[in-house]
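Participant: Let me see the structure of the following:
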Amino acid sequence: MDNSQLFKEAMLRNGVICHDPIIADGKFHKFFHSGIRKKSRSAWYIFHGNYGSYGDFSQAIEKGWSIDNGEVVTQSERKIRKEQDALRAEGILKTYEETSKKTAKIWFKLSETGGSSYLQRKKVDAFGIRFSRNQIIIPVRDIDGKIWSFQRIFNNGDKRFFAGGKKQCCFHVIGTLEDGKPFFCVEGYATGASVYMATGITTVIAFDAGNLEPVIKAIKNKYSQSPITIAADNDQWKERNTGKEKAEEAAAKHGCMIVLPQFPDTVKRDKPTDFNDLHCLVGSDEVRKQLTHTPPPPPTKEPATAMPRGFFMRKDGLYYQQNEDTSYWICSPLYVKAHVREETGENWGKLLEWKDPDGTTHKWTMPLSMLAGESVDLRAQLMHLGLNVSTSTSNRNRLNEYIQTANPTMRAKCTSRIGWHGASRFVLPDRVFPDTEPLYLQSDSHNFRTFKTKGTLESWQQAVAIPSRGNSRLVFGLSCAFAAPLLHITGSESGGFNLKGKSSSGKSTSLVVAGSVWGGGSNNGFIQSWRSTSNALEAVAEAHNDCLLCLDELGQIDGREAGEVSYMLTNGTGKNRSKSRGGLRKAHEWRLLFLSTGEISLSDKINEGGKRVQAGMQVRLVDIPADIASEHGIFDTLNGFASGDALSSHLKEAATHHYGTAIREFLTHIVAHKDKLVEQLNGARKAFQIAFVPDNADGQVSRVAGRFALVATAGELAIQIGVLPYNQGEVIQAVGTCFKAWLDDRGSVASLESEQGIAHIRAFFESNAASRFATMEDIFNKENRIINQAGFKRKNHEGHYEFFVYPQVFQKEICKGMDHKAMCHELVKLKMLVPGDGNRFVKNQRLPEVGVKKMYCFTSSMMADADMEVTA
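Facilitator: The predicted structure is shown next:
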């Protein structure tokens, strides 16, 4: 079969019948359509052997055909096609103009009055139409009112356009178009008349679904301020819902609202599709109700977005129209929903929305700064979340252009951090509490991937919380999770707890349980690793602002950085860093509570790195012994499980299926009752400290106790609001047990600086008592003179040595790196130093062969073992 026959068969399949031979000369040929009167040559074709096009003006048919079926077209063929297209356009325009003149003459001869059984059956009136025998004539006008064609509707409902007439971008309007006033856009005349009769609002008739977008575009160019609602046909009974699809395409492109008719079950047997069907079957009042009572989408939530110039959206994606004949696919459907910015007017971005191949909707607030440079990170994030993007470099650049030039009407606020925002809103990556107005998290970070939910609150309670009950370390971890967002409410500082103990004792299980309150879903659930650089941990900390941060295995961090990192995590700010062209980058900031595990303590890790342990480090990160006096590791009770391993395995498995729901219920409550909670929380914290903190405790102990108290208070609050399925008092008991374990492990209620200082001073006397102190009872002998003498010693009446130290030696050598006055206060309190007169710590002492000198006078209590023998 030759190409001309294939071309003719393609015409036949689409309803264009040509009995004459097809001429492959690339010229515009008009012919008489089979069944149409000869004086109406409405059919046409252009054929050039391997490709061509054809159509029928009376049926609004226009098709293209190619033998190559999509194969690459040669340059010569492309040139010929362009010539063919120009010829076709010239022929079509000439036909349009001729038809326009004919219809204008006919129009003025037609009657403005008449009857139509079609109108009676459709229950609509005549609006701007005319009559001719058994048909109504509807003018097809452009935006300037020029008539280009007619649509004839016969009494039996058949519709036919005037042969050779133009339809695209043309319409019929019922009412008056005025800029700023709303109007409806529909497909057919009967639907338009029903809409106008029900609402009284100007209605534009586009004649078919494919003409909706061109008509709206033409009207928008002239009446840009008029809001448009598409009263779409709902072709739900057909294989393809063309009416709905085309309406959605037009709405997405031009920022319109769509209303689809909703039919009661009693009339669905008739398979209705449009608002005229609703009018006929239910009544005009129902049409009015659906069109006027359907609330438009709130402009702050889901506004339609007009396309930037040159771009348009199809069902399969975003396209760029380079010229009339050439368009390029950019990516799968991607919508720019809103401009976003922080309250300060900085950090501008755009809210993007798309669906992945599984149909899951994704929303991402993209910082505009990601459009700078090559935008590799932008595309990587979009593709990571399921957007298909063109591989062409030029089309990638057009994706940037589309996002940057899109100008949605919606404006919303954003924040670059999760956690508390302002006085009364809490932001999570996927939700804001309360969701009273749009507030979006804008970040290019991937650190929020674990803030997910799975299961329900009830399933989490049954699978995780109840099996953890009665285990002090597990309940403590759960309560830490609820305490994190209370730091802001109570004005508390950041801090952490480290569960230290032997390997395989169940420490990591406590992290898994605690993390399940907030989220999970990754290989390690909600748990992060200490095995990171300090720079990386800054980003991780900011991504957990006002949340719980779970860090596993303290032993994996470099000992040289351990102390600095513990300070950094609790101080709430990262390092200042310069920009490439000067100035400072914005430093990471956060406020959090972190829970850690390790086989060693923080002080052990710092010593491992060859650095000195500061007391402040051990106050910020508190070491709690994980193991209890039990054969089951960290578990106090097994709650019916055969062993500690069995309980641990159950909890770890359960936490992979039930997570993230508990904190959302907790946040909902505390955000709603934030102001009332402050007094309650502070009172409960004070009660805990009274019950568990010794009266003579140093301020450092009280400071740490305050953090334990916050944890206890948070857990009890979670019980009170029904998130933790325990009895009141159970959390206080568990947290109190952990506090006592910390205090016992610490060994004293004094300040760590004092303990470390006194231990250092005692060590000096123990190691230098014989070599650097002269005995006062000995006769001065030059041959026995002591080199680098620190002072003198003498036995008291009990036979123990007292020491007299030169001020310079004590201040500059013994107390090097310490506040010697503060140490003197502590030594006096412990009766290790005899004070001088007034507020002085030195006193006059008569020395052999020297006379009276001011010296620091230490009692025999200074020695670690007062009974030890010191030889001269």
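
Participant: Now for residue 406: which residues touch it?
Facilitator: 305, 307, 308, 336, 350 (Cβ atoms under 8 Å, 6 or more residues apart in numbering). Quick note: C-beta positions are derived from backbone N, CA and C, even for glycine.

Participant: For the stretch 301-450 of the chain, which segments count as strands?
Facilitator: 311-314, 317-321, 327-331, 334-341, 349-355, 361-367, 411-415, 419-421, 425-428, 431-433, 439-441 (DSSP state E, counting those that start in this stretch).

Participant: Kindly apply the preceding question to the stretch 751-872 of the chain instead.
Facilitator: Ranges of strands in the stretch 751-872 of the chain, per DSSP E, counting those that start in this stretch, are 773-775, 791-795, 801-805, 833-834, 843-847, 851-858.

Participant: Distance to residue 241 and mean pLDDT added to the ones you listed, as JSON lines?
Facilitator: Listed next are these as JSON lines, based on distance: least, Cβ to Cβ, whole Å; pLDDT from 0 to 100:
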{"stretch": "strand 773-775", "distance to residue 241": "100", "mean pLDDT": "90"}
{"stretch": "strand 791-795", "distance to residue 241": "99", "mean pLDDT": "91"}
{"stretch": "strand 801-805", "distance to residue 241": "96", "mean pLDDT": "95"}
{"stretch": "strand 833-834", "distance to residue 241": "92", "mean pLDDT": "94"}
{"stretch": "strand 843-847", "distance to residue 241": "100", "mean pLDDT": "91"}
{"stretch": "strand 851-858", "distance to residue 241": "95", "mean pLDDT": "94"}
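
Participant: for the closest residue to residue 571 other than its chain neighbours, what are its contacts?
Facilitator: Spatially, and ignoring its direct neighbours in sequence, residue 571 is nearest to residue 494 (7.5 Å; Cβ to Cβ, 6 or more residues apart in numbering). Contact analysis of residue 494 by Cβ under 8 Å, 6+ apart lists 487, 569, 570, 571, 572, 590, 591, 592, 593, 594, 620.

Participant: Any idea which of those residues the model trusts least?
Facilitator: Among the contacts of residue 494, residue 572 carries the weakest pLDDT, at 82.

Participant: And residue 255, how far from residue 234?
Facilitator: Note on residue 255: its distance to residue 234, by Cβ to Cβ, to the nearest Å, is 21 Å.

Participant: More neighbours: which of the two?
Facilitator: Neighbour tally, residue 255 and residue 234, criterion other Cβ atoms under 10 Å: the higher count belongs to residue 234, 21 against 18.

Participant: which element is the more buried one on?
Facilitator: According to DSSP states H and E, residue 234 maps onto no helix or strand at all.

Participant: which non-adjacent residue is nearest it?
Facilitator: Nearest to residue 234 is residue 260, by Cβ to Cβ, 6+ apart, at 4.5 Å.

Participant: Test for you: state the pLDDT assigned to that neighbour.
Facilitator: Listed pLDDT for residue 260 reads 93.

Participant: what's the pLDDT at residue 821?
Facilitator: Residue 821 is given a pLDDT of 91.

Participant: for it, what are its contacts?
Facilitator: residue 841.

Participant: With distance to residue 397 and mean neighbour count as extra columns, can I get the strands of the stretch 751-872 of the chain in TSV?
Facilitator: As requested, those are arranged in TSV below (distance: least, Cβ to Cβ, whole Å; neighbours: other Cβ atoms under 10 Å):
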stretch	distance to residue 397	mean neighbour count
strand 773-775	82	21
strand 791-795	80	20
strand 801-805	77	23
strand 833-834	77	22
strand 843-847	83	14
strand 851-858	77	17
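
Participant: can you list the ones you listed in a markdown table and add distance to residue 549?
Facilitator: Output for the strands of the stretch 751-872 of the chain, formatted as a markdown table (distance: least, Cβ to Cβ, whole Å):
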| stretch | distance to residue 549 |
| --- | --- |
| strand 773-775 | 51 |
| strand 791-795 | 51 |
| strand 801-805 | 47 |
| strand 833-834 | 44 |
| strand 843-847 | 52 |
| strand 851-858 | 46 |
